[in-house]
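Engineer: How does the following fold in three dimensions:
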Amino acid sequence: MQTMDRCGWCGTDPLYVAYHDTEWGVPERDGRALWEKLILDGFQAGLSWITILRKRDAFRTAFAGFDPVEIARWGEPEIARLLADPGIVRHRGKCEAAITNARAFLDLGGPEAFADFIWRHVDGTPLQPERPDIAAVPAFTPLSERLSKELKHAGFRFCGPTITYAWMQATGLVNDHVTTCHRHAALR
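Structural biologist: The predicted model follows:
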């Protein structure tokens, strides 16, 4: 039986492998989905992505399907509810940031405007670096630093350059599958 070459970070966990093979790095053009993934990447700060991936369904339930209109109206009662929910990462700053980010998302003009705002940073086309191995993949780039600053200027939180770069990779703004990975050429 032939094995498929993959990026080393996904290991062999079936959930992680499925995420790697079907979702990570696929260009996401839906603004609401981009926003949801940014929120989840913010919750991942200081943790492993597999932790968030395992809790993603619970996050979707706790955060009303990541409906930014609803979340933007939330206040202290909803934060208290989130902090009591063992199915998600219970971190006050991250929960507050999700609410702030919903408001910033809406202030930018909603899904289409957010998608346009994000994708213009790569001229609408995913970046295609040629990374031979995981050691060649940076934690952040000058572009993620610039995008992070612009997001923060627009009112977003928990979107530093490292979080922003991980999000850019996950949403396909940059194809950071290593060149030996079967997904690299597929997403080229």
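Engineer: what's the average pLDDT for the lengthiest helix in the chain?
Structural biologist: Looking across the chain with DSSP state H, the single longest helix is helix 92-108. The pLDDT scores in helix 92-108 average 98.
Engineer: contacts for it?
Structural biologist: The contact list for helix 92-108, computed with Cβ atoms under 8 Å, 6 or more residues apart in numbering, reads 31, 35, 38-39, 42-43, 45, 63, 68-69, 71-72, 74-75, 78-79, 82-83, 114, 117, 151, 154-159. C-beta here means a position set from N, CA and C on the backbone, and glycine is covered the same way.
Engineer: what separates residue 158 from residue 177, distance-wise?
Structural biologist: According to Cβ to Cβ, to the nearest Å, residue 158 and residue 177 sit 25 Å apart.
Engineer: ah, wrong one, I meant residue 97
Structural biologist: Distance, residue 97 to residue 177, using Cβ to Cβ: 29 Å.
Engineer: Repeat that for residue 132.
Structural biologist: 12 Å.
Engineer: So for these two, which sits in the more crowded spot?
Structural biologist: residue 177 (24 against 10; other Cβ atoms under 10 Å).
Engineer: helix/strand/coil for the more buried one?
Structural biologist: What DSSP: H, G, I helix; E, B strand; the rest coil gives for residue 177 is coil.
Engineer: shouldn't it be in contact with residue 21?
Structural biologist: No: the pair residue 177 / residue 21 is not scored as a contact, 10.2 Å apart, by Cβ atoms under 8 Å.
Engineer: what is in contact with these two at once?
Structural biologist: By Cβ under 8 Å, 6+ apart, the residues touching both residue 177 and residue 21 are residue 183.
Engineer: Name the nearest residue to residue 157, ignoring sequence neighbours.
Structural biologist: Of all residues not flanking residue 157 in the chain, residue 97 sits nearest, at 3.9 Å (Cβ to Cβ, 6 or more residues apart in numbering).
Engineer: circling back to that earlier point, and the contacts of helix 92-108, which of them are buried?
Structural biologist: 31, 35, 38-39, 42-43, 45, 63, 68, 71-72, 74, 78, 82, 114, 117, 151, 156-159 (16 or more other Cβ atoms under 10 Å).
Engineer: So which of these sit within helices?
Structural biologist: Among the buried ones among the contacts of helix 92-108, the ones falling in helices (DSSP H) are 31, 35, 38-39, 42-43, 68, 71-72, 78, 82, 114, 117, 151.
Engineer: Looking at these, which is nearest residue 184?
Structural biologist: Closest approach between those and residue 184, by Cβ to Cβ: residue 38, at 23.7 Å.
Engineer: Hmm, the closest one is touching residue 159, no?
Structural biologist: Yes: the criterion here is Cβ under 8 Å, and residue 38 meets it with residue 159 at 6.5 Å.
Engineer: if I look at these two, which residues touch both of them?
Structural biologist: Taking Cβ under 8 Å, 6+ apart as the contact criterion, the common neighbours of residue 38 and residue 159 are 101, 151, 167.
Engineer: Just give me the closest of those to residue 25.
Structural biologist: Of these, the one sitting nearest to residue 25 (Cβ to Cβ) turns out to be residue 167, at 11.6 Å.
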